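A.B. asks: What shape does this take:
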Amino acid sequence: MRWLDECGTMLPADNQGMDPERIRFCRRFFPEVTAAQWSDWRWQLRHRLQDLGTLERFFCLSAGERAALEQRGSGLPVAVTPYYAALLDPDHPGDPLRRTVLPVADEWVRAVGEAEDPLDEARDRVVNGLIHRHPDRVVFLASHSCAAYCRYCTRSRLVGQKQKLNDRWEQALAYIAAHGEIREVLVSGGDPLLLSTARLTALLSRLRAIPHVELVRLGSRIPMVLPMRVTKRLVAMLQRFQPLVMSIHVTHPAELTTEALRALHRLADAGVMLVSQTVLLAGINDDFATMSRLLRSLVRHRVRPYYLYQCDPIWGSAHFRVPVEQGIALVEQLARELSGLALPRYVIDAPGGGGKITIGPVTMVGREAGFLVLKDASGRIWRYPDPPVVSGTLAGV
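C.D. replies: Residues are numbered from 1 along each chain as shown. The predicted model follows:
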């Protein structure tokens, strides 16, 4: 089925290959919209689903969803792009993708150990919008806006706020330029790909002009929730700033649609190094079948799985958090079945600002008679000949 047959307007060459399900969704809910409009990322942003009245047109809301939407206040906003809404099950609140973007009443429950800023980023904020926790790298919060708001967001205290960026950017850039130890800048937010191409070009140009900045990394969920933003023009611009890494926030294999894969392929073809980060979420991606399908698909489409995050203890996140012991068991099963290329690091970003700590089964069991005793993912024991450390020198030199 071609889009022309459904909406009367051929898709622009930049966005060929719409999935028939998205065509049917558009025809049902946006019958007056042309294909060119649907494929315009700015149109998608203007028509996001953001309130109870709009959402109930698209979904049969549960009592918990309705209650949460009715008591929305100054907390994390609700926003779902029409594109992403088309991926959600309209009738079943337990749909994995739906649970990530529609609030429920549990979001208002405060569990023990949860905090507004669990990673204590405020402590490491050196200027407004810049976090300097590790000696050689910083996090640059370039935007407070997202195309869709994940209900387990670590920065729910910040995102969705309207702020002037110019003064903040200047302070952050001046700090980076004055600190020669900074080798890497992670541009995050919010989502930096929601900046206009011109503004993002200006920011990357300024960062690249700082001699000691060796690597720039962009953290983005855009390819999953607003893939039409990854236009040929955007990709051509990003290609100018190599080496460039993009860390894709991906949650579930259902997000790897025709449109999302096209966005990933464009980025990879342009030489952007793609890595993924996935938050482990209860009832969403915490089973072997779902996680292995996601990781294998990412590798097949040139995205290197990088981090599997234990969900941060942000306020109201208890219903998302998987027991760590269960997470370790999942990682052990993945290690037995998947190539090392498909295995991310399972990490906890330590509350209080301790940084990322890799979590996993104990592999070094001990030593005996000149051998290191190791345990593999299946629990089997192996011995590796390991000479003792010679104090002050290298053994054998």
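A.B. asks: Low-confidence stretches in the chain?
C.D. replies: 1-18, 73-74, 161-165, 389-397 (pLDDT under 70).
A.B. asks: Can you give the domain ranges for it?
C.D. replies: Per automatic domain parsing, the structural domains of the chain span 3-98, 121-358, 362-397.
A.B. asks: how about the last one: buried residues?
C.D. replies: Under the neighbour-count criterion of 16 or more other Cβ atoms under 10 Å, domain 362-397 has 373, 374, 377 buried. Quick note: C-beta positions are derived from backbone N, CA and C, even for glycine.
A.B. asks: mind checking how far the one helix or strand residue 185 maps to is from the chain centre?
C.D. replies: Residue 185 belongs to strand 184-188 when assigned by DSSP states H and E. Centroid separation between strand 184-188 and its chain, computed with Cα atoms, centre = their mean, to the nearest Å, is 14 Å.
A.B. asks: so residue 254 touches residue 87, yeah?
C.D. replies: Yes - counting by Cβ atoms under 8 Å, residue 254 does reach residue 87; the two are 6.2 Å apart.
A.B. asks: With neighbour numbers in mind, choose between those two.
C.D. replies: More crowded of residue 254 and residue 87, by other Cβ atoms under 10 Å: residue 87, with 24 against 18.
A.B. asks: Centre-most residue in the chain?
C.D. replies: Nearest residue to the geometric centre of the chain (Cα atoms, centre = their mean): residue 249, 1.8 Å.
A.B. asks: so who does that residue touch?
C.D. replies: The contact partners of residue 249, by Cβ atoms under 8 Å, 6 or more residues apart in numbering, come to 150, 219, 220, 221, 224, 276, 277, 278, 279.
A.B. asks: So it versus residue 308, what's the distance?
C.D. replies: Residue 249 sits 12 Å away from residue 308 when distances are taken as Cβ to Cβ, to the nearest Å.
A.B. asks: Find residues that contact each of the two.
C.D. replies: Joint contacts of residue 249 and residue 308 (Cβ under 8 Å, 6+ apart) are 277, 278.
A.B. asks: Residue 109 is nearest to which of the domains of the chain?
C.D. replies: domain 121-358 (6.0 Å; Cβ to Cβ).
A.B. asks: centre of the chain versus that closest one, how much separation?
C.D. replies: The chain centre lies 5 Å from the centre of domain 121-358; the measure is Cα atoms, centre = their mean.
A.B. asks: let's number from 38 now, not from 1
C.D. replies: Got it, first residue is 38 now, which makes that one domain 158-395.
A.B. asks: is it true that residue 218 touches residue 173?
C.D. replies: Yes - look at residue 218 against residue 173 with Cβ under 8 Å: they come within range, at 5.8 Å.
A.B. asks: Tell me which of the two has more neighbours.
C.D. replies: More neighbours surround residue 173 than the other of residue 218 and residue 173, with 13 against 10 (other Cβ under 10 Å).
A.B. asks: got a list of what that one touches?
C.D. replies: So residue 173 contacts 218, 219, 220, 221 (Cβ under 8 Å, 6+ apart).
A.B. asks: May I see the buried residues of stretch 197-215?
C.D. replies: Of all the residues in stretch 197-215, those buried under the rule 16+ other Cβ under 10 Å are 197, 202, 205, 206, 209, 210, 212, 213, 214.
A.B. asks: nearest residue to residue 316 other than its sequence neighbours?
C.D. replies: Distances taken as Cβ to Cβ, 6 or more residues apart in numbering put residue 346 closest to residue 316, at 4.6 Å, once the chain neighbours are dropped.
A.B. asks: From the structure, what's the count of residues near the one you found?
C.D. replies: Using other Cβ under 10 Å, residue 346 has 21 neighbouring residues.
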